[in-house]
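**Student:** Task: produce atomic coordinates for the following.
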Amino acid sequence: MKRRITTQLVLLLAVCAILICSGCASKTCCSGSSSKTCCSGGSSKTFLWNGKDFTGWKLHVDDKNVDVHSVWSVKDGVIHCKGLPKGYMRTVKDYSNYKLHLEWRWAEKPTNSGVLLHTSGPDKVWPKCIESQLQAGNAGDFVLIGGTGIKVDGKLRQTAKKKFEKVKKKQDSSEKPAGQWNSYDITCDGDTIINVVNGVLQNTGTNATETSGKICLQSEGSPIEFRNIYIVPLK
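**Tutor:** All right, here's what the predicted structure looks like:
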């Protein structure tokens, strides 16, 4: 009887362990690695930025005479971007089917930046991508660049002869004043993209022409800072 109770207890504990970590394929946090993965609340987070340097990222500006490290730097666990010249920091790897989380704030006067999704092709200031806008007052807009397209409210929007096509967000601005941290939560699920700014649903697009690629953070205006950049894989 004692052995039977012990066996049942072991099985019960095993089932509980499986349920607790359900959906988490990896429960490791590797400090200093370019891609830190943690299990939190049954989800697997992959930190795209390690909080210390640009391992796993490439810095780009079109002007080869400019030292990219004069534009992008890291201090006290925060990415500092001067905002000029125009360019971006991008992931080395391609990603698809994920929820992206990042935080940003303007160090001075808010101007322009963006999160470039599903980026492909050669490095240049305006690569082929679908942008989740960070321009002050317009965070949550979509900007279609390089021939990309997306359907919003049943209408397919895409670049044709124009270099850009802007798709406005649904709500009034949900951004915070300069100096305060904002959160951007972007879901890329197959050909669907959803923009949430500080907890407010701002835009939803379907039938996106691009569904995978690199993730970029833009230098495009005035000093901006980023931190806490990670994805949660969906599939």
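**Student:** and Val74, bridged to which residues?
**Tutor:** Ile79 (DSSP bridges).
**Student:** ignore the last one, Val167
**Tutor:** Phe142.
**Student:** Going forward, the N-terminal residue is numbered 360.
**Tutor:** In the new count, where the first residue is 360, that last one comes out as Val526.
**Student:** which residues does it contact?
**Tutor:** Counting by Cβ atoms under 8 Å, 6 or more residues apart in numbering, Val526 touches Asp500, Phe501, Val502, Leu503, Ile509, Val511, Arg516, Asn562, Gly564. The C-beta positions use only the backbone N, C-alpha and C, and glycine is treated the same way.
**Student:** what do you get for Asn456?
**Tutor:** Asn456 neighbours (Cβ under 8 Å, 6+ apart): Cys547, Asp548, Gly549, Pro592, Leu593, Lys594.
**Student:** again, only this time at 10 Å
**Tutor:** Asn456 makes contact with Thr546, Cys547, Asp548, Gly549, Thr570, Ser571, Ile590, Pro592, Leu593, Lys594, according to Cβ atoms under 10 Å, 6 or more residues apart in numbering.
**Student:** Which of those residues fall within helices?
**Tutor:** With DSSP state H as the criterion, helices contain none of the contacts of Asn456.
**Student:** Show me the residue at the heart of the protein, geometrically.
**Tutor:** Leu459 (4.0 Å; Cα atoms, centre = their mean).
**Student:** For that one, which non-adjacent residue is spatially closest?
**Tutor:** Sequence neighbours aside, Ile545 is the residue nearest to Leu459 in space, at 4.5 Å (criterion: Cβ to Cβ, 6 or more residues apart in numbering).
**Student:** quick one: low-confidence parts of the protein?
**Tutor:** Residue ranges of the chain with pLDDT under 70: 360-402, 519-521.
**Student:** can you pull out the helices in it?
**Tutor:** 361-379.
**Student:** okay but Ile489 is in contact with Gly564, surely?
**Tutor:** Yes - the pair Ile489 / Gly564 is scored as a contact, 7.8 Å apart, by Cβ atoms under 10 Å.
**Student:** Mind listing the shared neighbours of these two?
**Tutor:** What both Ile489 and Gly564 touch, as defined by Cβ under 10 Å, 6+ apart, is the set Phe501, Leu503, Gly508, Ile509, Val526, Ile552.
**Student:** Name the member of the contacts of Asn456 with the most neighbours.
**Tutor:** Cys547 (26 neighbours; other Cβ atoms under 10 Å).
**Student:** looking at it, that residue is touching Ile509, isn't it?
**Tutor:** No - taking contacts as Cβ under 10 Å, Cys547 lies outside contact range of Ile509: 11.3 Å.
**Student:** Lys445 contacts Thr470, correct?
**Tutor:** No - taking Cβ under 10 Å as the definition, Lys445 is not a contact partner of Thr470, at 11.5 Å.
**Student:** Need the residues touching each of those two.
**Tutor:** Glu579, Gly580.
**Student:** For the nearest residue to Lys522 once chain neighbours are set aside, list the residues it contacts.
**Tutor:** Nearest non-adjacent residue to Lys522, counting by Cβ to Cβ, 6+ apart: Trp485, 6.6 Å away. Neighbour list for Trp485: Asp421, Lys445, Tyr447, Leu475, Val502, Ile504, Gly505, Lys522, Phe523 [criterion: Cβ under 10 Å, 6+ apart].
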